[in-house]
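J.: no sequence for this one, just the structure:
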């Protein structure tokens, strides 16, 4: 287990690969060339040659690949042939491509289509370039499983090699599994390609994000992700994957943290004490059990049905999800405000102080099974008549403003 720090800034090499057909070159053979993008998207070009000579086959393959240069994945490569093989050369030094080949046939066997890298990519923004990394003992080594990785200083963004595989290079096999991944306060680059929306795919037991650099895009399986500092961007941190506990901590969270629709997320703690921190949880996020917020703005679009919301301090929570099962509990106290703008059923809502509101003009049909008000303001006066109370509202104190016909039991 090594401790490895990102340096960035490596000198550039132009990547060159060769692709050689061989073995049985019958006319029934299909030569498949696949290029994979940083986001895992793959495009395959299949070439069937009417010839059986290698010289004609490579001409046909080169012609087919060059004709697809309008494709974003293929257009970064220049394709040539010399009668024995096809050569792919990166158009921009320091910008890698990821390519594999396969020869197939339903009528014969013994065919081959072999890829070899004659010059590996190297560049200042590439995970797979070893000069971009420095170990705690002074060497230059690309991270591997169980390592701790720090983005602690410098300004070189990580833009390429975003899917580091377990010992098999970018795009390879199972995602790398780190012990810890951190972005420090002094690091000024991006992690992931914010312009194209490409995430770094790297699992890590814990993730720590700090500083005010522009963007982090991370797809991870992690027990804990702690966000203690962001830029003021509306997409300062974008998360996907499977996260046990997500925490927004302190005054340094000044932008929006976005959890992608496809993520799995168990527990969320928003403990911001200042700044303009904001969290948005996508509408298809699953497994969400607990949201505890004492500050900032949290917009919850997930329709998780086992969710408990605890809002306190100066937190503002906007619930825009849908739940068809009455399993949510909502507790509001201090100066917190919960705006229930979604639809479905909330089983138990307890207002100690603060505000619980159902007045959003776009709110859909809502059912409240049990409501207890001890202080603060409870209001559902949207004029839509779309709130149903299964049981009377129990008012121990505070102010209750409801539509005509709602039964309030003062205790």
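T.: Structure's in. What do you need? A quick note: this is a predicted structure, and the numbers were derived from the prediction, not measured.
J.: so residue 61 sits in a helix?
T.: Yes. Residue 61 sits within a helix when classified using DSSP: H, G, I helix; E, B strand; the rest coil.
J.: that one reaches residue 84, doesn't it?
T.: No. Applying C-beta atoms under 8 Å as the test, residue 61 and residue 84 come out as separate, 11.8 Å apart. Bear in mind the C-beta positions are built from the backbone N, C-alpha and C, glycine included.
J.: just give the number of residues close to residue 196.
T.: For residue 196, the neighbour count with other C-beta atoms under 10 Å is 12.
J.: got a list of what it touches?
T.: Neighbour list for residue 196: 38, 39 [criterion: C-beta atoms under 8 Å, 6 or more residues apart in numbering].
J.: and it, helix, strand or coil?
T.: On the three-state scheme (three-state DSSP), residue 196 is labelled coil.
J.: now the closest residue to residue 28 other than its chain neighbours, what's its secondary structure?
T.: Of all residues not flanking residue 28 in the chain, residue 107 sits nearest, at 4.0 Å (C-beta to C-beta, 6 or more residues apart in numbering). When classified by three-state DSSP, residue 107 comes out as coil.
J.: how far away is residue 107 from residue 200?
T.: Using C-beta to C-beta, to the nearest Å, one obtains 43 Å as the distance from residue 107 to residue 200.
J.: looking at those two, which one has more neighbours?
T.: Ranked by neighbour count (other C-beta under 10 Å), residue 107 and residue 200 place residue 200 first, with 24 against 8.
J.: need phi/psi at the more buried one.
T.: phi -70, psi 130 (degrees, to the nearest 10).
J.: what's the closest non-adjacent residue to residue 236?
T.: That would be residue 255: by C-beta to C-beta, 6+ apart, it lies 3.1 Å from residue 236.
J.: how about residue 127?
T.: Nearest to residue 127 is residue 161, by C-beta to C-beta, 6+ apart, at 3.1 Å.
J.: the one you found touches residue 128, doesn't it?
T.: Yes. Between residue 161 and residue 128 there is a contact at 4.1 Å, judged by C-beta under 8 Å.
J.: just want to know which of these two has more residues nearby.
T.: Shown here are residue 161 and residue 128; by other C-beta under 10 Å, residue 161 has more neighbours (23 against 19).
J.: what pLDDT is listed against that one?
T.: Note on residue 161: pLDDT of 95.
J.: then residue 174?
T.: At residue 174, pLDDT is 80.
J.: residues near it, how many?
T.: 11.
J.: for it, give its distance to residue 126.
T.: Counting by C-beta to C-beta, the gap from residue 174 to residue 126 is 20 Å.
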